[in-house]
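**Student:** I'll drop the sequence and a predicted model, then ask my questions.
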Amino acid sequence: MDSYLTFSITVFAGFFAIMNPIGGIPVFLSLVQGAGKTEKKKIAKRATRIAFIIGLAFIILGTYIFSFFGITLPAFKITGGIILFYTGFEMLQSKKSGVKHLRDVNIDENLAVSPLAIPLLAGPGTIVTAMNFVSNANFTRIGIVILIFALICYLNYLAFKLSDYLTEKIGDNVITVFGKIMGLIIAIIGTTMILEGIKVSFDMG
C-alpha cells in the first residue's frame, strides 16, 4: 500500500510540474484576450478534454508504441530525461520552452486544439512523463496514472476558467516564481530518468 501511495505522489508531482496549471494561466489569457467569459470557459473545457484524450492514448498504447518502433526502455528513459531536463532548464531561465512554442492565433475554438491542448498541455514533456510512469507498470499503477492525469487535466481546466480571478489575487510575480519552482522539479525528474536509463543499460541494479 505504501508503495502505491509513494507512486501516486510521484505521478501527481510529475504531471503537475510538467502541465503546470498555474504557470499556464498567462499563456491562456494572452490567447483568449478579448473573449467573453462563456467563450473562455468553452475553450478551456475543450482544450483540457482533448489533452486528456491524447495523454490517455499514450498511457494505454505506450507499450505497443515501444514494440512497434523497437524502442528500448533505457533509450526512452535517457532521451525522455534529456527532453524533460531541457524543458525544466528553459523554465528556470524564464524562457518559453521550445516544446511549448506558441504563435499568434485568432480567438476561435480551434485554439483549444492548438496551441492549448497541443503542445501546451499534451506536449512532448507530458507524453514522455506519462509513458515513463506506465513503462513496466502493472494494471493498478496504470489505473493510478490515468486517474491522476485526469485530475491534473481538471485542475488545468479550473485554472483556465478562473484565470482572471487568480491573476488578480495571486499576481504575475508569484506565478513567475511558481513556474521556476516547477521548472526545477521537471529538471530533477529528467535527471532521474537519465540515471535510471543508464542503470538499466549497464544492468547496475
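**Tutor:** Sure thing, it's come through.
**Student:** tell me which element residue 148 is part of?
**Tutor:** Assigned by DSSP states H and E, residue 148 belongs to helix 139-161.
**Student:** ok, residues contacting that helix?
**Tutor:** The contact list for helix 139-161 (Cβ atoms under 8 Å, 6 or more residues apart in numbering) reads 4, 7-8, 11-12, 15-16, 19, 21-22, 24-25, 28, 40-41, 43-45, 47-49, 51-52, 55-56, 59-60, 121, 130, 133-134, 137, 166. Every C-beta, even on glycine, is put in place using the N, C-alpha and C of the backbone.
**Student:** could you list the low-pLDDT ranges of this structure?
**Tutor:** 1, 94-109, 204-205 (pLDDT under 70).
**Student:** ranges for the strands of it?
**Tutor:** Per DSSP state E, the chain carries no strands over any range.
**Student:** just give the closest residue to residue 113, not the sequence neighbours.
**Tutor:** residue 50 (5.9 Å; Cβ to Cβ, 6 or more residues apart in numbering).
**Student:** buried ones in the helix holding residue 148, by neighbour count?
**Tutor:** For helix 139-161, a neighbour-count test (16 or more other Cβ atoms under 10 Å) marks 141-142, 144-146, 148-149, 152-153, 155-157, 159-161 as buried.
**Student:** using CSV, list the CA coordinates for that helix.
**Tutor:** C-alpha atoms of helix 139-161 as CSV (Å, rounded to 0.1, in the frame of the first residue of the first chain):
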residue,chain,number,x,y,z
PHE,A,139,-2.7,-2.6,-14.3
THR,A,140,-3.2,-1.0,-10.8
ARG,A,141,-0.4,1.5,-11.4
ILE,A,142,-1.6,2.3,-15.0
GLY,A,143,-5.1,3.0,-13.4
ILE,A,144,-3.5,5.3,-10.9
VAL,A,145,-1.7,7.2,-13.7
ILE,A,146,-4.9,7.6,-15.7
LEU,A,147,-6.8,8.9,-12.6
ILE,A,148,-4.1,11.4,-11.6
PHE,A,149,-3.7,12.5,-15.2
ALA,A,150,-7.5,13.2,-15.4
LEU,A,151,-7.2,15.1,-12.1
ILE,A,152,-4.4,17.3,-13.4
CYS,A,153,-6.4,18.0,-16.6
TYR,A,154,-9.3,19.1,-14.4
LEU,A,155,-7.0,21.3,-12.4
ASN,A,156,-5.8,22.9,-15.6
TYR,A,157,-9.5,23.5,-16.6
LEU,A,158,-10.2,25.2,-13.3
ALA,A,159,-7.0,27.3,-13.6
PHE,A,160,-8.1,28.5,-17.1
LYS,A,161,-11.7,29.0,-16.0
